[in-house]
Every structure is written in C-alpha cells, then in structure tokens.
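> need a structure here:
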Amino acid sequence: MRRLLLILSLIVLVVWGIMGCKPGLLPTEDLGKPKVMLERVEVAGTFPWSDPPARNPLALAFVFNIENPSGYTVMLDNIKFAYSFEVNPDYYVEMNVPVAYDRIYFSPKTTSQYRIVNILDSAVITGKLMVTQGAKLQALDIKPIDLIKNWYSKIGDFAFGIKLGEGMAVFNTEKGDVFVPFEGKFPKK
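Model prediction:
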C-alpha cells in the first residue's frame, strides 16, 4: 500500500511539475515574434575636444524600431548590445556594451521606437585601445589618441561607421519568454 501511495505521489508531482513549468526562451523564427532594428544613432551630448589629460565625454543615443507583429501585447524585459567604431572599412573597434533593464510594453501589430543613451569617456577609450588594440593599431601606424580625436571631431557628421553586434532583447509574451538577436550598422550604406 505504501509503495502504491509513493508511486502515485511521484506521478502527481511529475505531472504537476510538467504542467506548471514556464517554457524557456523561445526562438524568434516563428511569425509574430518581436523584431528589433537599429533605426539611427544620434549624438546626445558632447564637449569640444581637449587634449589629454582632459577627459572628454561623448553621449550617443541608439534609436531602435521595435516591431510587434503579434496579436497580443509584449513586454521588453531587457536589451543589450555591443557597438564598435570604424577604424577602416575592414576593421572596427568595440567601444562599449550597453545593457538596459527597462520594462516597456509594446501594443499588438505596432512598431514603436526605443532609445538607449550611452556615455563614453575619452580617457577610458584611450586605455582600452592601448591595452586591447595596441598591437593592431601599431601595425596600421595609428596612434590611439589621433584615432579618438578623429572620432570625436567627425561624430556629428557620422563620417565613420558604427556597427552593432551581439544584440539580444528578451521579451515577455503570453506564450513565454522570447529572445530576439539583432545587429545593425549606422549610417546605413
């Protein structure tokens, strides 16, 4: 009798566990899943260039179009991406990895815009370039400070490319959590 009771208890627990589990992250290939597309990059704030040891901040705003083609409301739970600046057409240097944990709802069958602002510091970029890209820049005969000064002076015209990679947005939907990978370039060529 005890054995039968134990077996029935285990079966009930297994069935309850299977029925109560929330599905994991679902792939985005299905129709009706949200889409994230880079619309543009804006200069949200900058200061005139000053040679080191001065620190020059640069604020960039990344504007995304979030499309919700489904028939139900979805919630953006978190979003992250890496962005890189162009050194030459074949070589980009990663600048930063912004992460946002805003919880924003997107209505069914709409496309809305979402903005993430990220601030760079010329002193931090200099250190990063010297440590992670020093050998490559030396081979290209480029001084890190000259490269940074060039980026800061040309950012308003977007005379160089900005590339997004490793982008991942997580949405909560009525069908479970959905992850949406994305990437992009600006200016679009």
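> any low-confidence regions in this protein?
Counting by pLDDT under 70, the low-confidence segments of the chain come to 2, 4-6, 8-10, 12-31, 189.
> Show the backbone phi and psi for the residue nearest in space to the middle of the chain.
Among the residues of the chain, the smallest C-alpha distance to the mean C-alpha position (C-alpha atoms, centre = their mean) belongs to F81, namely 2.1 Å. The phi and psi values for F81, taken as degrees, to the nearest 10, are phi -160, psi 160.
> Could you pull up the contacting residues of it?
When contacts are counted by C-beta atoms under 8 Å, 6 or more residues apart in numbering, F81 is found next to 62, 97-98, 164-168, 182-183. (Each C-beta comes from the backbone N, C-alpha and C, glycine too.)
> Recalculate using a threshold of 7 Å.
Going by C-beta atoms under 7 Å, 6 or more residues apart in numbering, F81 touches 98, 164, 166-167.
> Then W151?
Contact partners of W151, counting by C-beta under 7 Å, 6+ apart, are 85, 160.
> I'd like the next helix or strand past the helix or strand harbouring it.
Under the criterion DSSP states H and E, the helix or strand holding W151 is helix 144-154. Towards the C-terminus, the helix or strand next in line after helix 144-154, according to DSSP H and E, is strand 162-173.
> Show me which residues of the following helix or strand past that following strand are buried.
Heading C-terminal from strand 162-173, the first helix or strand you meet, by DSSP H and E, is strand 176-186. Going by neighbour count (16 or more other C-beta atoms under 10 Å), the buried part of strand 176-186 is 178-180, 182, 184-186.
> the inter-axis angle of strand 176-186 versus strand 162-173?
Angular relation of strand 176-186 and strand 162-173 on a 0 to 180 degree scale: 160 degrees, by axes from the mean of the first three to the mean of the last three C-alpha atoms, to 10 degrees.
> could you say what helices and strands strand 176-186 packs with?
strand 35-46, strand 162-173 (3 or more C-beta pairs under 7 Å, 6 or more residues apart in numbering; DSSP states H and E).
> Make CSV from the ones you listed and add mean neighbour count and distance to T111 to it.
What follows is the helices and strands packed on strand 176-186, written out as CSV (neighbours: other C-beta atoms under 10 Å; distance: least, C-beta to C-beta, whole Å):
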stretch, mean neighbour count, distance to T111
strand 35-46, 16, 9
strand 162-173, 18, 14
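> Tell me which two of the contacts of F81 sit farthest apart.
The largest distance within these, taken as C-beta to C-beta, falls between P98 and E166 and amounts to 11.2 Å.
> V117: which of the buried residues of strand 176-186 is nearest?
Each of the buried residues of strand 176-186 was checked against V117 using C-beta to C-beta; the closest is F186, at 15.0 Å.
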